[in-house]
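Peer 1: only geometry, no sequence info:
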Ligand code: LLP
(Lines give C-alpha, C1' and ligand atoms only; values in the text may rest on other atoms or scores of the structure.)
Protein backbone atom coordinates (compact mmCIF):
# COMPACT_ATOMS: atom_id res chain seq x y z
CA UNK A 1 0.00 0.00 0.00
CA UNK A 2 1.29 3.44 -0.86
CA UNK A 3 1.71 5.63 2.15
CA UNK A 4 3.16 8.65 0.40
CA UNK A 5 -0.26 10.12 -0.45
CA UNK A 6 -2.43 11.77 2.20
CA UNK A 7 -5.33 9.50 1.27
CA UNK A 8 -7.01 10.05 4.62
CA UNK A 9 -7.52 13.67 3.59
CA UNK A 10 -9.13 12.77 0.27
CA UNK A 11 -12.44 11.89 1.97
CA UNK A 12 -14.78 14.38 0.37
CA UNK A 13 -12.96 15.07 -2.86
CA UNK A 14 -14.92 13.89 -5.85
CA UNK A 15 -13.01 11.53 -8.12
CA UNK A 16 -11.44 11.59 -10.64
CA UNK A 17 -9.02 14.35 -9.74
CA UNK A 18 -5.42 15.27 -10.34
CA UNK A 19 -3.32 15.57 -7.23
CA UNK A 20 -0.13 17.65 -7.36
CA UNK A 21 2.64 17.24 -4.83
CA UNK A 22 3.79 20.84 -4.51
CA UNK A 23 6.85 19.97 -2.48
CA UNK A 24 8.09 17.58 -5.18
CA UNK A 25 7.35 20.14 -7.89
CA UNK A 26 9.33 22.83 -6.11
CA UNK A 27 12.18 20.46 -5.43
CA UNK A 28 12.24 19.42 -9.09
CA UNK A 29 12.32 23.04 -10.24
CA UNK A 30 15.11 23.79 -7.77
CA UNK A 31 17.24 20.89 -8.92
CA UNK A 32 16.73 21.81 -12.58
CA UNK A 33 17.62 25.45 -11.93
CA UNK A 34 20.60 24.56 -9.79
CA UNK A 35 22.02 22.18 -12.36
CA UNK A 36 21.45 24.66 -15.22
CA UNK A 37 23.10 27.45 -13.25
CA UNK A 38 26.36 25.49 -13.17
CA UNK A 39 26.89 26.59 -16.76
CA UNK A 40 27.07 30.06 -18.23
CA UNK A 41 24.12 31.20 -20.26
CA UNK A 42 21.77 28.22 -19.69
CA UNK A 43 18.10 29.36 -19.57
CA UNK A 44 15.01 27.28 -18.88
CA UNK A 45 11.62 27.96 -20.42
CA UNK A 46 8.80 25.76 -19.18
CA UNK A 47 6.79 24.15 -22.00
CA UNK A 48 3.34 25.31 -20.92
CA UNK A 49 1.66 22.63 -23.03
CA UNK A 50 2.69 19.99 -20.48
CA UNK A 51 0.45 21.46 -17.79
CA UNK A 52 -1.24 24.86 -17.85
CA UNK A 53 -3.02 24.56 -14.50
CA UNK A 54 -2.81 28.16 -13.18
CA UNK A 55 -1.52 27.07 -9.75
CA UNK A 56 1.26 25.05 -11.36
CA UNK A 57 2.14 27.95 -13.66
CA UNK A 58 2.24 30.24 -10.66
CA UNK A 59 4.76 28.02 -8.86
CA UNK A 60 6.88 27.83 -12.00
CA UNK A 61 6.75 31.60 -12.41
CA UNK A 62 7.75 32.08 -8.76
CA UNK A 63 10.78 29.87 -9.37
CA UNK A 64 11.89 32.39 -12.01
CA UNK A 65 11.48 30.10 -15.02
CA UNK A 66 10.37 31.44 -18.42
CA UNK A 67 7.74 29.96 -20.74
CA UNK A 68 7.64 28.14 -24.06
CA UNK A 69 4.23 28.56 -25.64
CA UNK A 70 2.54 27.08 -28.69
CA UNK A 71 -0.64 29.12 -28.84
CA UNK A 72 -1.95 32.56 -28.04
CA UNK A 73 -3.87 30.97 -25.18
CA UNK A 74 -0.64 29.65 -23.69
CA UNK A 75 1.03 33.05 -24.06
CA UNK A 76 -1.90 34.55 -22.16
CA UNK A 77 -1.77 31.83 -19.49
CA UNK A 78 1.95 32.45 -19.00
CA UNK A 79 1.44 36.22 -18.78
CA UNK A 80 -1.49 35.79 -16.39
CA UNK A 81 0.68 33.66 -14.13
CA UNK A 82 3.12 36.56 -14.02
CA UNK A 83 5.84 35.19 -16.29
CA UNK A 84 7.40 38.26 -17.88
CA UNK A 85 6.99 38.66 -21.64
CA UNK A 86 10.76 38.96 -21.89
CA UNK A 87 11.02 35.27 -20.92
CA UNK A 88 8.37 33.95 -23.31
CA UNK A 89 9.11 32.14 -26.56
CA UNK A 90 6.34 31.25 -28.98
CA UNK A 91 6.59 28.26 -31.34
CA UNK A 92 4.10 26.46 -33.56
CA UNK A 93 3.51 25.88 -37.26
CA UNK A 94 0.15 27.61 -37.38
CA UNK A 95 0.34 30.86 -35.47
CA UNK A 96 -2.69 32.94 -36.48
CA UNK A 97 -2.59 36.68 -37.17
CA UNK A 98 -4.44 37.29 -33.91
CA UNK A 99 -1.96 35.22 -31.93
CA UNK A 100 1.00 36.95 -33.56
CA UNK A 101 -0.50 40.41 -33.07
CA UNK A 102 -1.24 39.81 -29.38
CA UNK A 103 2.23 38.41 -28.79
CA UNK A 104 3.82 41.40 -30.52
CA UNK A 105 1.72 43.73 -28.38
CA UNK A 106 2.79 41.85 -25.26
CA UNK A 107 6.42 42.16 -26.36
CA UNK A 108 7.44 38.50 -26.09
CA UNK A 109 11.11 37.56 -26.26
CA UNK A 110 11.08 35.49 -29.45
CA UNK A 111 8.99 33.83 -32.14
CA UNK A 112 10.30 30.42 -33.15
CA UNK A 113 9.39 30.54 -36.84
CA UNK A 114 8.62 27.47 -38.86
CA UNK A 115 7.80 28.53 -42.46
CA UNK A 116 8.21 31.31 -45.01
CA UNK A 117 4.54 32.35 -45.03
CA UNK A 118 4.67 32.68 -41.24
CA UNK A 119 7.76 34.88 -41.53
CA UNK A 120 5.94 37.17 -43.99
CA UNK A 121 2.92 37.32 -41.68
CA UNK A 122 5.02 38.34 -38.66
CA UNK A 123 6.85 40.94 -40.78
CA UNK A 124 3.57 42.47 -41.90
CA UNK A 125 2.04 42.61 -38.43
CA UNK A 126 5.26 43.96 -36.89
CA UNK A 127 5.45 46.59 -39.62
CA UNK A 128 1.85 47.72 -38.95
CA UNK A 129 2.87 48.28 -35.33
CA UNK A 130 6.28 49.77 -36.14
CA UNK A 131 7.98 47.24 -33.91
CA UNK A 132 10.75 44.73 -34.51
CA UNK A 133 9.98 41.08 -33.82
CA UNK A 134 12.79 38.86 -32.65
CA UNK A 135 12.74 35.51 -34.38
CA UNK A 136 14.60 32.22 -34.15
CA UNK A 137 14.42 29.83 -37.08
CA UNK A 138 13.26 26.37 -36.09
CA UNK A 139 15.58 24.04 -37.94
CA UNK A 140 14.69 20.45 -38.54
CA UNK A 141 17.89 18.66 -37.51
CA UNK A 142 16.94 15.24 -38.88
CA UNK A 143 17.65 13.39 -35.66
CA UNK A 144 15.65 10.21 -35.07
CA UNK A 145 14.99 10.27 -31.34
CA UNK A 146 14.37 6.92 -29.69
CA UNK A 147 10.85 7.54 -28.51
CA UNK A 148 7.24 6.95 -29.56
CA UNK A 149 6.59 7.75 -33.25
CA UNK A 150 3.82 10.22 -32.35
CA UNK A 151 6.19 12.35 -30.29
CA UNK A 152 9.33 12.47 -32.42
CA UNK A 153 9.50 15.71 -34.30
CA UNK A 154 13.03 16.21 -35.63
CA UNK A 155 12.91 13.92 -38.69
CA UNK A 156 13.53 15.26 -42.20
CA UNK A 157 10.05 15.79 -43.60
CA UNK A 158 7.31 16.59 -41.15
CA UNK A 159 5.22 19.65 -40.52
CA UNK A 160 7.63 21.12 -37.99
CA UNK A 161 10.57 23.37 -38.72
CA UNK A 162 12.63 24.31 -41.75
CA UNK A 163 14.65 21.68 -43.59
CA UNK A 164 18.39 22.11 -44.18
CA UNK A 165 17.93 22.61 -47.94
CA UNK A 166 15.60 25.55 -47.37
CA UNK A 167 17.56 27.17 -44.59
CA UNK A 168 19.67 29.51 -46.76
CA UNK A 169 16.64 30.94 -48.49
CA UNK A 170 14.81 31.37 -45.18
CA UNK A 171 17.73 33.22 -43.59
CA UNK A 172 17.91 35.50 -46.64
CA UNK A 173 14.22 36.28 -46.35
CA UNK A 174 14.37 36.98 -42.59
CA UNK A 175 17.36 39.24 -43.10
CA UNK A 176 15.54 41.15 -45.82
CA UNK A 177 12.56 41.84 -43.53
CA UNK A 178 12.88 45.26 -41.95
CA UNK A 179 10.79 44.42 -38.91
CA UNK A 180 12.39 41.11 -38.05
CA UNK A 181 15.55 40.55 -36.13
CA UNK A 182 17.11 37.10 -36.46
CA UNK A 183 18.39 36.27 -33.00
CA UNK A 184 18.72 32.52 -32.96
CA UNK A 185 18.17 28.97 -34.08
CA UNK A 186 15.63 26.63 -32.53
CA UNK A 187 15.56 22.83 -32.48
CA UNK A 188 13.42 20.13 -30.90
CA UNK A 189 13.93 16.44 -31.63
CA UNK A 190 11.09 14.87 -29.68
CA UNK A 191 9.80 14.07 -26.26
CA UNK A 192 10.30 11.44 -23.51
CA UNK A 193 13.94 10.93 -24.47
CA UNK A 194 16.02 9.01 -21.94
CA UNK A 195 19.01 8.16 -24.15
CA UNK A 196 21.44 11.07 -23.84
CA UNK A 197 23.03 10.00 -27.15
CA UNK A 198 20.05 11.51 -28.93
CA UNK A 199 20.91 14.88 -27.44
CA UNK A 200 24.60 14.33 -28.33
CA UNK A 201 23.54 13.79 -31.95
CA UNK A 202 21.57 17.03 -31.81
CA UNK A 203 24.60 18.86 -30.39
CA UNK A 204 26.77 17.54 -33.22
CA UNK A 205 24.26 18.73 -35.83
CA UNK A 206 24.11 22.16 -34.24
CA UNK A 207 27.91 22.38 -34.13
CA UNK A 208 28.12 21.56 -37.85
CA UNK A 209 25.43 24.07 -38.64
CA UNK A 210 27.05 26.82 -36.60
CA UNK A 211 30.41 26.15 -38.32
CA UNK A 212 28.73 26.32 -41.70
CA UNK A 213 26.92 29.57 -40.94
CA UNK A 214 30.11 31.10 -39.66
CA UNK A 215 32.11 30.04 -42.72
CA UNK A 216 29.53 30.83 -45.35
CA UNK A 217 27.90 33.89 -43.86
CA UNK A 218 30.16 34.97 -41.06
CA UNK A 219 27.02 34.59 -38.99
CA UNK A 220 26.94 34.14 -35.24
CA UNK A 221 23.54 34.26 -33.61
CA UNK A 222 23.24 35.13 -29.93
CA UNK A 223 20.68 32.44 -29.02
CA UNK A 224 20.50 28.68 -29.47
CA UNK A 225 17.31 26.96 -28.34
CA UNK A 226 17.50 23.16 -28.12
CA UNK A 227 13.85 22.55 -27.25
CA UNK A 228 12.76 20.04 -24.63
CA UNK A 229 12.47 16.31 -24.57
CA UNK A 230 14.10 15.05 -21.38
CA UNK A 231 12.17 11.96 -20.37
CA UNK A 232 10.97 10.69 -17.01
CA UNK A 233 10.82 7.19 -15.53
CA UNK A 234 7.18 6.15 -15.82
CA UNK A 235 8.14 2.65 -14.66
CA UNK A 236 9.71 3.61 -11.33
CA UNK A 237 8.25 6.93 -10.13
CA UNK A 238 9.29 6.38 -6.52
CA UNK A 239 12.88 5.51 -7.37
CA UNK A 240 13.29 8.42 -9.77
CA UNK A 241 11.02 11.23 -8.64
CA UNK A 242 13.40 13.85 -10.06
CA UNK A 243 14.88 13.42 -13.54
CA UNK A 244 18.63 13.41 -14.00
CA UNK A 245 19.01 17.09 -14.82
CA UNK A 246 22.72 16.99 -13.91
CA UNK A 247 23.45 14.52 -16.69
CA UNK A 248 21.16 16.30 -19.14
CA UNK A 249 22.74 19.73 -18.79
CA UNK A 250 26.23 18.24 -18.59
CA UNK A 251 25.58 16.51 -21.93
CA UNK A 252 24.90 19.87 -23.57
CA UNK A 253 27.78 21.56 -21.77
CA UNK A 254 30.14 18.89 -23.01
CA UNK A 255 28.94 18.39 -26.57
CA UNK A 256 27.59 21.73 -27.73
CA UNK A 257 30.20 24.27 -28.80
CA UNK A 258 28.58 27.44 -27.64
CA UNK A 259 30.27 30.53 -29.03
CA UNK A 260 31.45 33.37 -26.84
CA UNK A 261 28.43 35.07 -25.22
CA UNK A 262 25.87 32.73 -26.76
CA UNK A 263 22.83 31.93 -24.63
CA UNK A 264 21.42 28.41 -24.57
CA UNK A 265 17.69 27.90 -24.09
CA UNK A 266 15.86 24.75 -23.00
CA UNK A 267 12.13 24.16 -23.30
CA UNK A 268 11.46 21.57 -20.62
CA UNK A 269 7.92 20.35 -20.12
CA UNK A 270 7.48 16.79 -18.98
CA UNK A 271 10.65 16.55 -16.90
CA UNK A 272 9.55 19.46 -14.70
CA UNK A 273 5.97 18.44 -13.94
CA UNK A 274 5.32 14.75 -14.71
CA UNK A 275 6.27 13.13 -11.43
CA UNK A 276 4.48 15.60 -9.15
CA UNK A 277 1.08 14.69 -10.61
CA UNK A 278 -1.13 11.66 -9.91
CA UNK A 279 -4.58 10.96 -11.25
CA UNK A 280 -6.83 9.55 -8.54
CA UNK A 281 -9.98 7.66 -9.41
CA UNK A 282 -12.36 5.35 -7.63
CA UNK A 283 -13.32 1.83 -8.59
CA UNK A 284 -16.92 1.82 -9.78
CA UNK A 285 -17.17 -1.90 -10.42
CA UNK A 286 -15.02 -5.00 -10.61
CA UNK A 287 -16.37 -7.10 -13.45
CA UNK A 288 -15.48 -10.72 -14.11
CA UNK A 289 -15.45 -11.85 -17.74
CA UNK A 290 -14.80 -15.44 -18.74
CA UNK A 291 -11.03 -15.15 -18.63
CA UNK A 292 -10.39 -11.60 -17.51
CA UNK A 293 -11.21 -9.38 -14.60
CA UNK A 294 -11.85 -5.72 -15.26
CA UNK A 295 -11.40 -2.93 -12.78
CA UNK A 296 -13.72 -0.22 -14.04
CA UNK A 297 -12.69 3.14 -12.64
CA UNK A 298 -14.43 6.50 -12.77
CA UNK A 299 -11.58 8.11 -14.74
CA UNK A 300 -11.62 7.70 -18.48
CA UNK A 301 -9.40 8.33 -21.49
CA UNK A 302 -10.85 11.85 -21.48
CA UNK A 303 -9.11 12.45 -18.14
CA UNK A 304 -5.79 10.81 -19.07
CA UNK A 305 -5.39 10.24 -22.78
CA UNK A 306 -1.79 9.03 -22.91
CA UNK A 307 -2.43 5.26 -22.61
CA UNK A 308 -5.06 5.33 -25.38
CA UNK A 309 -3.11 7.65 -27.67
CA UNK A 310 0.49 6.50 -27.20
CA UNK A 311 0.20 3.10 -25.53
CA UNK A 312 1.76 4.84 -22.56
CA UNK A 313 2.09 3.04 -19.24
CA UNK A 314 1.43 4.86 -16.02
CA UNK A 315 2.07 2.89 -12.84
CA UNK A 316 -1.32 1.99 -11.42
CA UNK A 317 -1.72 1.43 -7.69
CA UNK A 318 -4.62 0.56 -5.47
CA UNK A 319 -4.06 2.83 -2.48
CA UNK A 320 -7.01 1.40 -0.50
CA UNK A 321 -6.03 -2.29 -0.48
CA UNK A 322 -2.97 -4.38 0.17
CA UNK A 323 -4.28 -7.91 0.55
CA UNK A 324 -3.84 -10.66 -2.02
CA UNK A 325 -3.01 -10.34 -5.67
CA UNK A 326 -5.03 -10.57 -8.86
CA UNK A 327 -4.49 -9.82 -12.54
CA UNK A 328 -6.78 -7.10 -13.92
CA UNK A 329 -7.38 -4.88 -16.91
CA UNK A 330 -7.96 -1.36 -15.64
CA UNK A 331 -10.48 0.42 -17.83
CA UNK A 332 -12.55 3.59 -17.93
CA UNK A 333 -16.28 4.12 -18.52
CA UNK A 334 -16.02 5.75 -21.97
CA UNK A 335 -17.74 4.17 -24.95
CA UNK A 336 -14.50 3.47 -26.83
CA UNK A 337 -12.60 0.20 -26.76
CA UNK A 338 -9.35 2.15 -26.47
CA UNK A 339 -10.47 3.45 -23.07
CA UNK A 340 -8.05 1.12 -21.32
CA UNK A 341 -5.42 2.30 -18.85
CA UNK A 342 -3.50 -0.96 -18.70
CA UNK A 343 -3.96 -4.65 -19.33
CA UNK A 344 -3.07 -7.71 -17.27
CA UNK A 345 -1.55 -5.87 -14.36
CA UNK A 346 -1.14 -7.12 -10.83
CA UNK A 347 -3.07 -5.33 -8.11
CA UNK A 348 -4.12 -6.33 -4.63
CA UNK A 349 -7.64 -7.82 -4.52
CA UNK A 350 -9.64 -4.81 -5.64
CA UNK A 351 -13.16 -3.85 -4.69
CA UNK A 352 -15.81 -1.31 -5.58
CA UNK A 353 -14.94 1.98 -3.87
CA UNK A 354 -11.17 1.47 -3.74
CA UNK A 355 -9.02 4.43 -4.70
CA UNK A 356 -6.71 3.95 -7.67
CA UNK A 357 -3.64 6.10 -8.35
CA UNK A 358 -2.18 6.59 -11.81
CA UNK A 359 1.28 7.92 -11.34
CA UNK A 360 3.53 10.28 -13.28
CA UNK A 361 0.49 12.08 -14.68
CA UNK A 362 1.53 15.69 -14.11
CA UNK A 363 2.61 16.22 -17.72
CA UNK A 364 0.18 15.94 -20.63
CA UNK A 365 -2.46 14.60 -18.24
CA UNK A 366 -4.79 17.36 -17.07
CA UNK A 367 -3.58 19.44 -20.02
CA UNK A 368 -4.92 16.92 -22.53
CA UNK A 369 -8.20 16.17 -20.77
CA UNK A 370 -11.42 16.77 -22.68
CA UNK A 371 -15.16 16.53 -22.29
CA UNK A 372 -16.13 13.54 -24.46
CA UNK A 373 -19.35 11.80 -23.37
CA UNK A 374 -20.42 15.02 -21.62
CA UNK A 375 -17.97 14.29 -18.89
CA UNK A 376 -16.79 17.01 -16.56
CA UNK A 377 -13.13 17.89 -16.78
CA UNK A 378 -11.10 16.40 -13.94
CA UNK A 379 -10.50 18.67 -10.97
CA UNK A 380 -7.11 19.46 -9.56
CA UNK A 381 -6.02 19.41 -5.92
CA UNK A 382 -2.71 20.69 -4.66
CA UNK A 383 -1.03 19.04 -1.69
CA UNK A 384 -0.94 22.47 -0.11
CA UNK A 385 -4.77 22.76 -0.36
CA UNK A 386 -5.34 19.80 1.96
N1 LIG B 1 9.49 22.39 -27.31
C2 LIG B 1 8.79 22.01 -28.39
C3 LIG B 1 8.97 22.72 -29.65
C4 LIG B 1 7.89 20.92 -28.31
O5 LIG B 1 7.22 20.53 -29.38
C6 LIG B 1 7.73 20.26 -27.07
C7 LIG B 1 6.79 19.16 -26.92
C8 LIG B 1 8.48 20.70 -25.96
C9 LIG B 1 9.35 21.77 -26.13
C10 LIG B 1 8.38 20.08 -24.60
O11 LIG B 1 8.83 18.78 -24.64
P12 LIG B 1 9.01 17.92 -23.29
O13 LIG B 1 10.15 18.52 -22.49
O14 LIG B 1 7.74 17.95 -22.57
O15 LIG B 1 9.34 16.57 -23.81
N16 LIG B 1 1.53 14.76 -25.46
C17 LIG B 1 2.74 13.99 -25.60
C18 LIG B 1 3.97 14.85 -25.68
C19 LIG B 1 3.92 15.87 -26.80
C20 LIG B 1 5.13 16.73 -26.82
C21 LIG B 1 4.97 17.83 -27.82
N22 LIG B 1 6.03 18.75 -27.85
C23 LIG B 1 2.82 12.99 -24.43
O24 LIG B 1 1.91 12.96 -23.64
O25 LIG B 1 3.77 12.22 -24.35
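Peer 2: Looks like it came in fine. In this text the structure is predicted, and so the values were computed from the model without any measurement. Numbering: from 1, shown residues only.
Peer 1: List the contacts of residue 360.
Peer 2: 232-234, 237, 274-275, 277-278, 314-315 (Cβ atoms under 8 Å, 6 or more residues apart in numbering). Every residue, glycine included, has its C-beta placed from N, CA and C.
Peer 1: Can you give me the neighbour number for residue 284?
Peer 2: 16 (other Cβ atoms under 10 Å).
Peer 1: element containing it, please.
Peer 2: Assigned by DSSP states H and E, residue 284 belongs to strand 277-288.
Peer 1: Tell me the helices and strands packed up against that strand.
Peer 2: Packing partners of strand 277-288 (3 or more Cβ pairs under 8 Å, 6 or more residues apart in numbering; DSSP states H and E): strand 17-20, strand 293-297, strand 355-358.
Peer 1: want to throw those strands into JSON lines with distance to residue 190 and mean neighbour count?
Peer 2: Formatted as JSON lines, the helices and strands packed on strand 277-288 follow (distance: least, Cβ to Cβ, whole Å; neighbours: other Cβ atoms under 10 Å):
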{"stretch": "strand 17-20", "distance to residue 190": "25", "mean neighbour count": "24"}
{"stretch": "strand 293-297", "distance to residue 190": "30", "mean neighbour count": "21"}
{"stretch": "strand 355-358", "distance to residue 190": "23", "mean neighbour count": "23"}
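Peer 1: In TSV: those strands, plus mean pLDDT and distance to the ligand.
Peer 2: Shown next, in TSV, are the helices and strands packed on strand 277-288 (pLDDT from 0 to 100; distance: least, Cβ to the nearest ligand atom, whole Å):
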stretch	mean pLDDT	distance to the ligand
strand 17-20	98	14
strand 293-297	98	20
strand 355-358	98	13
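Peer 1: is the strand holding residue 284 up against the ligand anywhere?
Peer 2: No. Strand 277-288 does not reach the ligand (Cβ under 6 Å from any ligand atom); its nearest approach is 12.0 Å.
Peer 1: Tell me the buried residues in that strand?
Peer 2: By neighbour count on 16 or more other Cβ atoms under 10 Å, the buried set for strand 277-288 is 277-284, 286.
Peer 1: In its sheet, which strands sit next to it, and in what direction?
Peer 2: Strand pairing for strand 277-288, using DSSP bridges, gives strand 17-20 (antiparallel), strand 293-297 (antiparallel), strand 355-358 (antiparallel).
Peer 1: what's the average pLDDT for that strand?
Peer 2: Strand 277-288 comes out with an average pLDDT of 98.
Peer 1: quick one: contacts for the residue sitting nearest the centre point of the chain?
Peer 2: With distances taken as Cα atoms, centre = their mean, the residue of the chain nearest its centroid is residue 269 (3.1 Å). Shown in contact with residue 269 (Cβ under 8 Å, 6+ apart): 46-51, 68, 191, 228, 363-364.
Peer 1: What is the nearest of those residues to residue 385?
Peer 2: residue 51 (16.3 Å; Cβ to Cβ).
Peer 1: Now do that closest one against the ligand, distance only.
Peer 2: 10 Å (Cβ to the nearest ligand atom, to the nearest Å).
Peer 1: Can you give me the neighbour number for that residue?
Peer 2: Close neighbours of residue 51, defined as other Cβ under 10 Å, add up to 30.
Peer 1: Just confirm it contacts residue 362, I think it does.
Peer 2: Yes. With contact defined as Cβ atoms under 8 Å, residue 51 counts as touching residue 362 (5.9 Å).
Peer 1: Identify the contacts common to these two.
Peer 2: The contact lists of residue 51 and residue 362 share 273, 277, where a contact means Cβ under 8 Å, 6+ apart.
Peer 1: coming back round to it: how about the contacts of residue 360 in a markdown table, adding distance to residue 354 and secondary structure?
Peer 2: Shown next, in a markdown table, are the contacts of residue 360 (distance: Cβ to Cβ, whole Å; DSSP: H, G, I helix; E, B strand; the rest coil):
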| residue | distance to residue 354 | secondary structure |
| --- | --- | --- |
| 232 | 26 | coil |
| 233 | 25 | coil |
| 234 | 22 | coil |
| 237 | 20 | coil |
| 274 | 24 | coil |
| 275 | 23 | coil |
| 277 | 20 | strand |
| 278 | 15 | strand |
| 314 | 17 | coil |
| 315 | 16 | coil |
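Peer 1: Looking at those, which one is closest to the ligand?
Peer 2: residue 274 (8.2 Å; Cβ to the nearest ligand atom).
Peer 1: My read is that the closest one contacts residue 362, right?
Peer 2: Yes. Here residue 274 reaches residue 362: they are 4.9 Å apart, a contact under Cβ under 8 Å.
Peer 1: list residues touching both of these two?
Peer 2: Residues touching both residue 274 and residue 362 (Cβ under 8 Å, 6+ apart) are residue 50.
Peer 1: Can you identify each of the strands in the stretch 201-350 of the chain by residue range?
Peer 2: 223-225, 263-268, 277-288, 293-297, 316-318, 326-331, 340-347 (DSSP state E, counting those that start in this stretch).
Peer 1: one step back: from the contacts of residue 269, which has minimum pLDDT?
Peer 2: Scanning the contacts of residue 269 for pLDDT, the low point is residue 191. It has 95.
Peer 1: what's around that residue, how many residues?
Peer 2: Look at residue 191: counted by other Cβ under 10 Å, it has 25 neighbours.
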